[in-house]
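S.K.: next input, structure requested:
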Amino acid sequence: MGGMGSYLKKHTEALVKDVGIEAACTLTGKSKATLGRYYSDSEEHADRFMPIDAVASLEEASRYPHVTGALAELRGITMSYDKERKNSREGGVNADVVALAQRFAMLMSEYNQSIEDGIITVNEAKRLLRETLALQHVLMDMKLHLEDESVNS
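M.R.: Okay, the predicted model is just below:
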């Protein structure tokens, strides 16, 4: 199986496990065996992938859009996802600069702790990723505020 197929199957499995196998069966109308085939790395199931309508149903119930995220990454697209956050627009550019400095400091602190022993573990990488995404959110808010100011000027 090619790298892309294997990558998508791993994320399909993560999606099913995020929702829960029983709930996934109910939401998609598929059996456990069928769902298992969609993420099996067995050669006989190499050409089987979950239908897009099933992916959409599961991603609506999941904590994160695993397959959509994987597809975006394969295309080099950066995706930002935060279910709790609805593009907060409070504050302005000055507040964004302060938040940016704070988030960057937190990222550097995490990096310093992670690299201390010369090895970045999986958990450390996940913490770094969370901080990087938080920094990305601040930059997005800053971009929106700057766009607002350029339009209103």
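S.K.: kindly list the longest helix within the protein.
M.R.: Longest helix in the chain by number of residues (criterion: DSSP state H): helix 122-152.
S.K.: show me how far it is from its chain's centre.
M.R.: Centre-to-centre, helix 122-152 and its host chain are 14 Å apart (CA atoms, centre = their mean, to the nearest Å).
S.K.: what's the answer for stretch 102-118, then?
M.R.: Counting by CA atoms, centre = their mean, stretch 102-118 comes out at 21 Å from the chain centroid.
S.K.: with stretch 12-29 instead?
M.R.: For stretch 12-29, the distance to the chain centre is 17 Å (CA atoms, centre = their mean).
S.K.: how about that stretch as PDB, C-alpha atoms only?
M.R.: What follows is stretch 12-29, C-alpha atoms only, in PDB (Å, rounded to 0.1, in the frame of the first residue of the first chain):
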ATOM      1  CA  THR A  12      -9.600   6.900   9.400                       C
ATOM      2  CA  GLU A  13      -8.900   4.600  12.300                       C
ATOM      3  CA  ALA A  14      -8.200   7.600  14.600                       C
ATOM      4  CA  LEU A  15     -11.600   9.000  13.500                       C
ATOM      5  CA  VAL A  16     -13.500   5.800  14.300                       C
ATOM      6  CA  LYS A  17     -11.800   5.400  17.600                       C
ATOM      7  CA  ASP A  18     -12.400   9.100  18.500                       C
ATOM      8  CA  VAL A  19     -16.200   8.600  18.000                       C
ATOM      9  CA  GLY A  20     -16.200   5.000  19.300                       C
ATOM     10  CA  ILE A  21     -16.800   1.900  17.300                       C
ATOM     11  CA  GLU A  22     -20.400   1.400  18.400                       C
ATOM     12  CA  ALA A  23     -21.300   5.000  17.800                       C
ATOM     13  CA  ALA A  24     -19.500   4.900  14.400                       C
ATOM     14  CA  CYS A  25     -21.500   1.900  13.400                       C
ATOM     15  CA  THR A  26     -24.700   3.700  14.300                       C
ATOM     16  CA  LEU A  27     -23.800   7.000  12.600                       C
ATOM     17  CA  THR A  28     -22.600   5.400   9.300                       C
ATOM     18  CA  GLY A  29     -24.900   2.400   9.200                       C
END
